[in-house]
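**Q** build me a model from this:
(2 chains)
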2 protein chains.
Amino acid sequence: MKLASLKEGGRDGTLVVVSRDLAWCRDADGIAPTLQAALDDWERTAPRLRNIYESLNAGERSETRPFDVLRCHSPLPRAYQWLDGSGYINHIELVRKARGADMPPSAYADPIVYQGGSDSFLGPRGVIRGDESWGIDFEAEVAVIMGDVRQGASREEAAREIRLLMLVNDVSLRNLIPPELAKGFGFVISKPASAFSPVAITPDELGDAWRDNKIHLPLLVHVNGKLFGKPNAGVDVTFDFSHIVAHVASTRELEAGSIVGSGTVSNKQGGLWGSAIDNGGVGYCCIAELRMLETLEGGQALTSYLRHGDVVRIEMLDGAGRSLFGAIEQRVRALEI
Amino acid sequence: MKLASLKEGGRDGTLVVVSRDLAWCRDADGIAPTLQAALDDWERTAPRLRNIYESLNAGERSETRPFDVLRCHSPLPRAYQWLDGSGYINHIELVRKARGADMPPSAYADPIVYQGGSDSFLGPRGVIRGDESWGIDFEAEVAVIMGDVRQGASREEAAREIRLLMLVNDVSLRNLIPPELAKGFGFVISKPASAFSPVAITPDELGDAWRDNKIHLPLLVHVNGKLFGKPNAGVDVTFDFSHIVAHVASTRELEAGSIVGSGTVSNKQGGLWGSAIDNGGVGYCCIAELRMLETLEGGQALTSYLRHGDVVRIEMLDGAGRSLFGAIEQRVRALEI
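**A** Sure thing, here's the model as predicted:
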């Protein structure tokens, strides 16, 4: 099943069911006005939403309209929780090496998780506004939307509560991170609003590509139309979603609609060299990793962070080349005062 | 105006308007079903809620019922954002001294803010469940609920968007904090669900006690019925609410309903000694500060963190001794598996 939220109605948008091929959609208003409302009562709403989904895929066109990504907000335009984990420890190792920060031994035993702002996400085509001096970077990731998880839940219980999957751009302001983390309490101003794929999908949409609580497909990143990364989200996963969620649930419950990110997708590719797309590698899901590799290879970073006017595109295709979630595509612009 | 959310209806509770003396309440259903809904459309809802408030205070009893704190959830049972700042730098200095952590020079220039979990708050009488070995502590604070704040907002703009005030218990697991902060990304498992006062009030309810974006009244903390702290929330404020909000808004907007905490209220009292209630001081709003003082005085901490069965009570009274927000009163118990 595929779901999206159009920029209509109130702050939470309007829930629509989207056909598998992303061509058509139909309002879910009689079932749940918003995605959060559907998640609040999933046992009741999911089967009814699935009925609409099946009729859409069967070619039923009554009350349907063409699905337009440009009218989409993030599937949850705002959420009660956005947590991001360290699923791909290779990314953490590289980025910390880049800023000369230590890697704590505990990072290999338990996920590192940060609590992100969730009151006001950008849409999948939302402009990233900021000063170039902040070091604006993207981080391409996969994410889950959870059902209710009790305090003390096991990894198996956590896995059973995975409701939906999305892609995410966890925007990062690289030059603001070191001074903010030096204060000791994590990210706030250095991680501004994230953006999510137009469509959230149930795990069964992936068939065999969803197993062990991981998505086994390449995550495609383009910058200004040029391929920048295509690492496989199912490779080199240190902590899968069940691990990240169970870790957080050790001291508190998670309520339905909580979004949990995988961390920046990153493949080891056997070593630190030769892994850029230009070198025949699978590339990267953030600029910081490429800059680190450039520094290791030639003594200095060559690729700049995003400039005003730059466009980042994040997408995932199925085996036949069809977009699964629709694309995140965001342009960077100056802040308007 | 005073507002509360009863544990009725859905996950967001049912919004009621509460009389000034906290004796009566009336449903706001015709205006907004939940506090978040009221905040989403405050220009329209606030005047109508205020009409109910004035009729309640004038003795109008149609459609009213006695106000029962035991039926209250936190005013926002879940919120889209919970940020907590370092308003009282004295607290940060003491707690960091206690765990041997450095105080970055930037801590005096800009607020330190952490992003907390907001998907599932405890109610004002909600049980704190956890293991005693975690070092369960309370942190008594004041907090604001904001309207919409644009990215790049000034302190003056931020101050204008303060909608409501509350008290908060920012529960902290002291023994989990050092290993989690060593990972570098801030608090997640070491700061479980917070609880808020039964009632949220508009700043005008405080009269002269609300000025310069600070509450100039003592915050009262009792542990097992014994006075533990009564520091004045308007004294030794390094960063007021406008400063904390404008800092966060530098790189992102804040959406209506965002909760921002002051940080643990803490008065310097001229020095580090003699400031416990038993020594004639104003005491503390968390156990960690008392333990630090004990260590400085006698070489070791004497007061233990909260044990199963312990009760913490947090309240604020007006000049005539009347409760302004109702009391937070929470018991600690073991996690039920």
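
**Q** all strands for the stretch 51-200 of chain A, in order.
**A** Under the criterion DSSP state E, counting those that start in this stretch, the stretch 51-200 of chain A contains strands at A:64-66, A:72-73, A:82-85, A:113-116, A:128-129, A:136-137, A:140-146, A:162-169, A:172-173, A:195-196, A:200-201.

**Q** centroid residue for chain A?
**A** Centroid-nearest residue in chain A, with C-alpha atoms, centre = their mean: A:Val168, separated by 2.1 Å.

**Q** thinking again about what came up before, got a markdown table for the strands of the stretch 51-200 of chain A, with distance to chain B too?
**A** C-betas here are computed from N, CA, C, even on glycine. Formatted as a markdown table, the strands of the stretch 51-200 of chain A follow (distance: least, C-beta to the nearest C-beta, whole Å):
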| stretch | distance to chain B |
| --- | --- |
| strand A:64-66 | 26 |
| strand A:72-73 | 13 |
| strand A:82-85 | 7 |
| strand A:113-116 | 4 |
| strand A:128-129 | 7 |
| strand A:136-137 | 10 |
| strand A:140-146 | 9 |
| strand A:162-169 | 14 |
| strand A:172-173 | 6 |
| strand A:195-196 | 12 |
| strand A:200-201 | 17 |
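
**Q** so which of those is the most packed in?
**A** Across the strands of the stretch 51-200 of chain A, the average number of neighbours (mean count of other C-beta atoms under 10 Å in any protein chain shown) peaks for strand A:195-196, which reaches a mean of 30.

**Q** need the contact partners of that strand.
**A** Contacting residues not belonging to strand A:195-196 are listed as A:74-76, A:121-124, A:126, A:128, A:143, A:166-169, A:171, A:259, A:328, A:330 [C-beta atoms under 8 Å, 6 or more residues apart in numbering or on different chains].

**Q** need the contact list for the residue in chain A that chain B sits nearest to.
**A** Nearest residue of chain A to chain B, counting by C-beta to the nearest C-beta: A:Gly186, 2.0 Å away. Neighbour list for A:Gly186: A:114-115, A:180, B:114-115, B:184-187 [criterion: C-beta under 8 Å, 6+ apart].

**Q** if you set the cut-off to 7 Å instead, what comes out?
**A** By C-beta atoms under 7 Å, 6 or more residues apart in numbering or on different chains, A:Gly186 lies in contact with A:114, B:114-115, B:185-187.

**Q** same thing with A:Val69?
**A** A:Val69 touches A:124, A:198, A:326, counting by C-beta under 7 Å, 6+ apart.

**Q** show the contacting residues for A:Val149.
**A** A:Val149 touches A:157-158, A:161, A:245, A:249, A:253-254, counting by C-beta under 7 Å, 6+ apart.

**Q** those residues, buried ones only, as a ChimeraX selection?
**A** Typed into ChimeraX, the line below selects the buried ones among the contacts of A:Val149, using 16 or more other C-beta atoms under 10 Å in any protein chain shown:
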select /A:158,161,245,249,253,254
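
**Q** so can I have a markdown table of the contacts of A:Val149 showing distance to A:Tyr80?
**A** Output for the contacts of A:Val149, formatted as a markdown table (distance: C-beta to C-beta, whole Å):
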| residue | distance to A:Tyr80 |
| --- | --- |
| A:Glu157 | 20 |
| A:Ala158 | 17 |
| A:Glu161 | 15 |
| A:Val245 | 15 |
| A:Ala249 | 15 |
| A:Glu253 | 12 |
| A:Leu254 | 9 |
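
**Q** of the contacts of A:Val149, list those near chain B.
**A** Applying C-beta under 7 Å from any C-beta of the partner chain, the subset of the contacts of A:Val149 adjacent to chain B comprises A:253-254.
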